[in-house]
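*Asks:* Attaching a predicted model along with its sequence, questions to come.
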Protein chains: 2
Amino acid sequence: MASTKPDPYVKLGEFIKRQRELGQLSIRQLAEMCGVSNPYLSQIERGLRIPSSMILQSLAKGLRLSAETLYAQAGIMDPQESEESDVVKSIMRDPDISARQREMLIDMYRSFRKVNEAEAAS
Amino acid sequence: MASTKPDPYVKLGEFIKRQRELGQLSIRQLAEMCGVSNPYLSQIERGLRIPSSMILQSLAKGLRLSAETLYAQAGIMDPQESEESDVVKSIMRDPDISARQREMLIDMYRSFRKVNEAEAAS
DNA sequence: TCGTACCGCTAACTATTGCAAGCATTCACG
DNA sequence: CGTGAATGCTTGCAATAGTTAGCGGTACGA
């Protein structure tokens, strides 16, 4: 048996790690937020362990992501075409908030993106 | 340990079983289609075992369901989550902003909704 | 009445998840 | 220097996911 390591899960781990670092959290912090042990989270991030559906759900909750997104990252689910501008599009489509409020949300979203980009470059 | 059996998973098993019977498939048939052993599928259906995310995905494929549906059945996915607005869902799907930023956007969006609702009532 | 083929399930085993404890390193401060 | 606190990682170990082998039961044709 060469690799019992279904490579998609390595990508999942890397994705989780990126998300954690984006939020400036240590492994222990995120682990506690998600209710998993810190060594285990470390192993997940490096693709050494494959989290169960329950754990994955906890991680999604902790990262404020939909579980769907995590599965998509793991290549488990169909890609689902998660475009970045989906956020903007769906904000613009929402009839239950005002134009002004839409504008504020969109501005905020865009500034987040911009800030993150700048930080990534440094 | 008393509750080694998070009973949402019992419901998941029953759901799978109903789906299988609806398709007039035997346990062995579905098991082979999904690439799992037949005793194991039997155990899943009775809630004695909790399938990993990989297996669950295979089952979804075999039953021609979206994995999301299975997760919803298992109560793994926040029921709330599936009723969220498109805005919240797409924010939660966005991998390019941090958890904290997602939280801020979602909070803001919700408070907009709340304010609007209050104003509409007056 | 055999023999075969299917059904679902049990038993016993292996493989993997997920944890508690603890190591090595780094940085801050007295 | 020390000492304390934070970082990520390694190491066993318990629990449980998932397997192969096989049992008892039912249906059907020879």
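*Replies:* Nice, I can see it. Just so you know, these numbers come straight off a predicted model, no measurement behind them.

*Asks:* now stretch A:86-106, how far from the chain's geometric center?
*Replies:* Relative to the chain's own centre, stretch A:86-106 is displaced by 22 Å; criterion: Cα atoms, centre = their mean, to the nearest Å.

*Asks:* for stretch A:91-107, same thing?
*Replies:* The answer for stretch A:91-107 is 24 Å, by Cα atoms, centre = their mean.

*Asks:* ok, now stretch A:26-33?
*Replies:* 15 Å.

*Asks:* do the same with stretch A:9-20
*Replies:* 8 Å.

*Asks:* Let me see the contact set for A:Arg20.
*Replies:* A:Ile27, A:Leu30, A:Glu45, A:Leu63 (Cβ atoms under 8 Å, 6 or more residues apart in numbering or on different chains). In this view, the C-beta of every residue, glycine as well, is placed from N, C-alpha and C.

*Asks:* make it 10 Å
*Replies:* When contacts are counted by Cβ atoms under 10 Å, 6 or more residues apart in numbering or on different chains, A:Arg20 is found next to A:26-27, A:29-31, A:33, A:41, A:45, A:59, A:62-63, B:98-99.

*Asks:* same check, this time on A:Arg100
*Replies:* Residues in contact with A:Arg100 (Cβ under 10 Å, 6+ apart) are B:Phe112.

*Asks:* Name the spans of chain A whose pLDDT lies under the cut-off.
*Replies:* Residues of chain A that meet the criterion pLDDT under 70 lie in A:1-8, A:74-85, A:92-93, A:95, A:98-99, A:119-122.

*Asks:* can you list the domain ranges for it.
*Replies:* A:8-73, A:86-121 (automatic domain parsing).

*Asks:* Please check the contacts of A:Arg20 and keep the buried ones.
*Replies:* A:Ile27, A:Leu30, A:Ala31, A:Met33, A:Leu41, A:Glu45, A:Leu59, A:Gly62, A:Leu63, B:Ser98, B:Ala99 (16 or more other Cβ atoms under 10 Å in any protein chain shown).

*Asks:* any idea which of those residues is the one closest to A:Lys11?
*Replies:* Of all the buried ones among the contacts of A:Arg20, A:Lys11 sits closest to A:Glu45, with 11.2 Å by Cβ to Cβ.

*Asks:* just to revisit the earlier point, tell me the most buried of the domains of chain A?
*Replies:* Burial of the domains of chain A is given as mean neighbour count (mean count of other Cβ atoms under 10 Å in any protein chain shown); domain A:8-73 ranks first at a mean of 19.

*Asks:* Export the contacts of A:Arg20 as JSON lines, with columns for secondary structure and distance to A:Lys11.
*Replies:* What follows is the contacts of A:Arg20, written out as JSON lines (DSSP: H, G, I helix; E, B strand; the rest coil; distance: Cβ to Cβ, whole Å):
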{"residue": "A:Ser26", "secondary structure": "coil", "distance to A:Lys11": "22"}
{"residue": "A:Ile27", "secondary structure": "helix", "distance to A:Lys11": "18"}
{"residue": "A:Gln29", "secondary structure": "helix", "distance to A:Lys11": "23"}
{"residue": "A:Leu30", "secondary structure": "helix", "distance to A:Lys11": "18"}
{"residue": "A:Ala31", "secondary structure": "helix", "distance to A:Lys11": "20"}
{"residue": "A:Met33", "secondary structure": "helix", "distance to A:Lys11": "22"}
{"residue": "A:Leu41", "secondary structure": "helix", "distance to A:Lys11": "16"}
{"residue": "A:Glu45", "secondary structure": "helix", "distance to A:Lys11": "11"}
{"residue": "A:Leu59", "secondary structure": "helix", "distance to A:Lys11": "14"}
{"residue": "A:Gly62", "secondary structure": "helix", "distance to A:Lys11": "19"}
{"residue": "A:Leu63", "secondary structure": "coil", "distance to A:Lys11": "15"}
{"residue": "B:Ser98", "secondary structure": "coil", "distance to A:Lys11": "19"}
{"residue": "B:Ala99", "secondary structure": "helix", "distance to A:Lys11": "19"}
